[in-house]
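*Asks:* quick one: sequence plus predicted model below, questions after.
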Amino acid sequence: MKRADVLMVTNYMEILVSEVLNEVIDNYDICKCDDCIDDIKSIALNNLEPKYFLSSSEESEKKTFILNRQKRISVLAKVAESIQEVSKNEHNK
């Protein structure tokens with residue numbers, strides 16, 4: 001197996017969006033099927049800057065990004081906007 005086959009590059013913004021969405025999704029009366037959840041995440045991620053860390057980055061730096069309060073608030077705003085957009089077009093309300 002080549003190195004490129006096992007190397008995993010992670011967009012930490014995806015992790016953050018998933019965490020924030022999981023924290024707030026039950027506060028919304030919307031469809032929670034996999035397609036709608038994926039649509040919410042996709043819309044939010046398309047409106048947020050991706051975040052990748054170098055292989056030399058410390059785990060603490062990655063954890064700090066995930067736990068940063070201001071970053072979480074920004075992500076929450078985009079997730080809320082995405083939920084509103086998807087709720088207008090739900091396929092199985």
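*Replies:* Now that the structure is in, tell me what you want to look at.
*Asks:* show me the residue at the heart of this protein, geometrically.
*Replies:* With distances taken as CA atoms, centre = their mean, residue 17 lies nearest the centre of the chain, 2.0 Å away.
*Asks:* residue 80 is in contact with that one, correct?
*Replies:* No - counting by CB atoms under 8 Å, residue 17 sits too far from residue 80 to count as a contact (11.7 Å). (C-beta placed from N, C-alpha, C; glycine too.)
*Asks:* which strand or helix spans the residue nearest to the centre of the chain?
*Replies:* helix 12-24 (DSSP states H and E).
*Asks:* for the residue nearest to the centre of the chain, which non-adjacent residue is closest in space?
*Replies:* residue 44 (5.1 Å; CB to CB, 6 or more residues apart in numbering).
*Asks:* likewise for residue 61?
*Replies:* In space, residue 61 is closest to residue 53, 6.5 Å off (CB to CB, 6+ apart).
*Asks:* state the distance from that neighbour to residue 47.
*Replies:* 21 Å (CB to CB, to the nearest Å).
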